[in-house]
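[1] Okay, structure incoming, though there's no sequence with it:
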């Protein structure tokens, strides 16, 4: 680098750039948070959905599955599983785990009550109705 | 070693390497579960192995960062650490907290662990990478604050260089953005939005400041190039990092319910994120080529150059590969992400820590460099680990491309599980490459105990 470009100039670009873009990020975050209610339909977050998310977290579902594409890639995407499989299939599937098929990937048995199963389904149903800009590309997730 | 208190770095580095071994062992278990699905089930289900794998990675990299800071800061500030005792106390607190967390994951069902550790009071668990129980998260904050207090106090009483300033800035950022891990709203979209404030602003933000400072420190030592030149490079690189990386967070906001303008912000700014990594590569090679001394530690030089190249490939090129919104629409949540994750983490944060350890550990053991045969062994381990991570990445990329083709494109897409069957061959090859990586790691550790040849005594 040329001698005319000094360390002090480089330092100022760093501080200026960091502050400017962080402030811009905060402004965009503010706008995003303002606009989210139209896309996440939070009016539909019932107590059951809240409990369902808690069950989702405390069983570490995201350690195998993805939800809206985020998580582990060991098991199917569940953001749209409500449309793909429907509520009864989901509950029946969770209840019947593990399949015990030799060599097949296994899901643990979580011993959820009927109420808890309904909560998980409520959470997955609400999640499936978030406006995700048409992601995933198809029903297979 | 110029200052006595630098010695506290040694246990941090040893713990880092020990946890690294654990991380790789659990990686091998997961890799095997990818091909033989019921392996170790129900003893260690995949999600538990994954928590251990990723959490060990994070913890050992933090050990590496802290050890590096304890090594660097006394030399940079030309003064002894504010409190070596506090540093040692925090070492044990962090190690015990980390070990208890891992034992908890492995011995108690996760839901029970959550109940036992107060997750019903403040629910923070069960989110990717932030699976730690509440007491562990609080412990991380306490350790980080005590560490930052120690480092900052040392800086206040000594010389203030740009390298130490950038290092401390990065470490403060690390602590501050971790606080978002305590925010977990019941609205999944908001949860995800701010989850990235910890995850993205760490690895594509403040951690790069730490990486840059560590590289700059080692390059000054091994090349003898003028500090003014190196620090100018450092500022320009980290300026580009934050200019591109902060709004680059937007590449995570394409499909999680956030407004569609993020597709533009995310694509444009994250497409520029390879620039600072490319500059890092040029920087490393440039400084080594302009070196004013022949440092006897050739292994450390190799690690430093390797960090530049592999961080650019893994974080830069493999990141760019799937960062544009129209591409990411198909690649999001596939093995492509896993491919990128492996090479980026290895190339940037694993390698920069191994660079620092390679440079500092001989000094901490009272010599300027290890014996020739020990260095040769270390360089073999460099190539084994680096080449196998390249192959792991290539196999996962192949699996990802095939997965997208079969599951997400065409008129008769396969289901997730049917697709997994089709790409199995690549998972087998990835696992084999994983074993080669492990062999490299064993050789790496072996190189510390190599008795052959004369070690070079400090000049």
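    Done, it's in. Here the structure is a predicted model, which means the values were calculated and not measured.
[2] alpha carbons only for contacts and neighbour counts from here, please
    OK.
[3] what separates the longest helix along chain A from the chain centre, distance-wise?
    The residue-count maximum for a helix in chain A (DSSP state H) belongs to helix A:7-40. Centroid displacement of helix A:7-40 relative to its chain, using Cα atoms, centre = their mean, to the nearest Å, is 23 Å.
[4] repeat for stretch B:286-293
    Once both centres are worked out by Cα atoms, centre = their mean, stretch B:286-293 turns out to sit 27 Å from its chain's centre.
[5] Same check on stretch B:359-375?
    For stretch B:359-375 - counting by Cα atoms, centre = their mean - the centre lies 24 Å from the chain centre.
[6] List the buried residues of that stretch.
    Counting neighbours by 16 or more other Cα atoms under 10 Å in any protein chain shown, one finds that the buried residues in stretch B:359-375 are B:359-364, B:367-375.
[7] where does residue A:3 land on pLDDT?
    As predicted, residue A:3 sits at a pLDDT of 68.
[8] Could you see whether chain B lies near the longest helix of chain A?
    Yes. Using Cα under 8 Å from any Cα of the partner chain, helix A:7-40 comes into contact with chain B via A:7-8, A:10-11, A:13-15, A:17-18, A:21-22, A:25, A:32-33, A:35-36, A:39-40.
[9] next SSE after that helix?
    Downstream of helix A:7-40, the first helix or strand assigned by DSSP states H and E is helix A:47-58.
[10] Which residues outside that next one are in contact with it?
    If you take Cα atoms under 8 Å, 6 or more residues apart in numbering or on different chains as the criterion, helix A:47-58 is touched by A:62, A:116, A:118-124, A:126, B:110-111, B:114, B:123, B:125-127, B:186.
[11] Show me which of those are buried.
    For the contacts of helix A:47-58, a burial check counting by 16+ other Cα under 10 Å picks out A:62, A:116, A:118-124, A:126, B:110-111, B:114, B:123, B:125-127, B:186.
[12] Residue B:210: neighbour count?
    Using other Cα atoms under 10 Å in any protein chain shown, residue B:210 has 27 neighbouring residues.
[13] in what helix or strand does it lie?
    helix B:207-223.
[14] Next, the buried residues of that helix.
    Residues B:207-220, B:222-223 are the ones in helix B:207-223 that count as buried (16+ other Cα under 10 Å).
[15] and it, what other elements does it pack with?
    When contacts are defined as 3 or more Cα pairs under 8 Å, 6 or more residues apart in numbering or on different chains; DSSP states H and E, helix B:207-223 packs onto helix B:46-77, helix B:162-178, helix B:227-248, helix B:274-289, helix B:298-311, helix B:351-364.
[16] On the C-terminal side of the third one, identify the next helix or strand.
    Yep, that's helix B:227-248 we're talking about. That would be, after helix B:227-248 and using DSSP H and E, helix B:261-271.
[17] Just give the nearest non-adjacent residue to the residue nearest in space to the middle of chain A, would you?
    With distances taken as Cα atoms, centre = their mean, the residue of chain A nearest its centroid is residue A:67 (4.2 Å). Distance criterion Cα to Cα, 6 or more residues apart in numbering or on different chains; nearest residue to residue A:67, sequence neighbours excluded, is residue A:79 at 4.7 Å.
[18] Please, which helix or strand holds the one you found?
    Assigned by DSSP H and E, residue A:79 falls within no helix or strand.
[19] from the stretch 301-450 of chain B, which residue is nearest to chain A?
    Closest approach between the stretch 301-450 of chain B and chain A, counting by Cα to the nearest Cα: residue B:333, at 4.2 Å.
[20] you'd agree that residue is up against residue A:73?
    Yes. Using Cα atoms under 8 Å, residue B:333 makes contact with residue A:73 at a distance of 6.8 Å.
[21] And those two? Which one has more around it.
    When neighbours are counted by other Cα under 10 Å, residue B:333 comes out ahead of the other of residue B:333 and residue A:73, with 24 against 21.
[22] Backbone dihedrals for the more buried one, please?
    phi 80, psi 30 (degrees, to the nearest 10).
[23] what's the answer for the one 5 residues further on, then?
    As for residue B:338, its main-chain torsions (degrees, to the nearest 10) stand at phi -60, psi -40.
[24] In space, what's closest to residue B:26 - neighbours in sequence excluded?
    residue B:53 (5.4 Å).
[25] any idea how far residue B:174 is from that neighbour?
    For residue B:53, the distance to residue B:174 equals 21 Å [Cα to Cα, to the nearest Å].
[26] circling back to that earlier point, list the contacts of the residue nearest to residue A:67.
    Contacts of residue A:79 by Cα under 8 Å, 6+ apart are A:66, A:67, A:68, A:69, A:124, A:127, A:128, A:141.
[27] give me every residue that touches the third one.
    For residue A:68, the contact set (Cα under 8 Å, 6+ apart) comprises A:77, A:78, A:79, A:132, A:135, A:136, B:255, B:256.
[28] What about the buried ones among the contacts of helix A:47-58, which are in helices?
    Among these, the members falling in helices are A:116, A:118, A:119, A:120, A:121, A:122, A:123, A:124, A:126, B:110, B:111, B:114 (criterion: DSSP H).
[29] Looking at the residues you listed, spot the one nearest residue B:314.
    Nearest to residue B:314 among those: residue B:110, at 32.2 Å, using Cα to Cα.
[30] Does the closest one touch residue A:59 like I think?
    Yes. With contact defined as Cα under 8 Å, residue B:110 counts as touching residue A:59 (6.0 Å).
[31] buried residues in whichever strand or helix holds residue B:94?
    Assigned by DSSP H and E, residue B:94 falls within helix B:84-107. By 16+ other Cα under 10 Å, the buried positions in helix B:84-107 come out as B:84, B:86-87, B:90-91, B:93-95, B:97-98, B:101-102, B:104-106.
[32] Repeat that for stretch B:118-133.
    For stretch B:118-133, a neighbour-count test (16+ other Cα under 10 Å) marks B:119, B:123, B:124, B:125, B:126, B:127, B:128, B:129, B:130, B:131, B:132, B:133 as buried.
[33] which sections of the chain are below the confidence cut-off?
    Just going to use chain A. Within chain A, the stretches with pLDDT under 70 are A:1-3.
[34] switch to chain B, that's the one I care about
    B:457-459.
[35] So for chain B, the centremost residue is which one?
    By Cα atoms, centre = their mean, chain B has its centre lying nearest to residue B:349, at 3.4 Å.
[36] My guess is that one contacts residue B:209. True?
    No. If you go by Cα under 8 Å, residue B:349 and residue B:209 don't touch, sitting 11.4 Å apart.
[37] helix, strand or coil for the residue located most distally from the centre of chain B?
    In chain B, the residue that sits farthest from the middle, by Cα atoms, centre = their mean, is residue B:411; the gap is 40.0 Å. Three-state call for residue B:411 (DSSP: H, G, I helix; E, B strand; the rest coil): coil.
[38] And it, how close does it get to residue B:308?
    43 Å.
[39] before we move on, what about residue A:27?
    As judged by Cα to Cα, residue A:27 and residue B:308 stand 33 Å apart.
[40] So which of the two has more stuff around it?
    Taking neighbours as other Cα under 10 Å, residue A:27 and residue B:308 compare with residue B:308 leading, 24 against 11.
[41] and that one, what does it touch?
    Contacts for residue B:308 (Cα under 8 Å, 6+ apart) come out as B:277, B:278, B:280, B:281, B:282, B:284, B:347, B:348.
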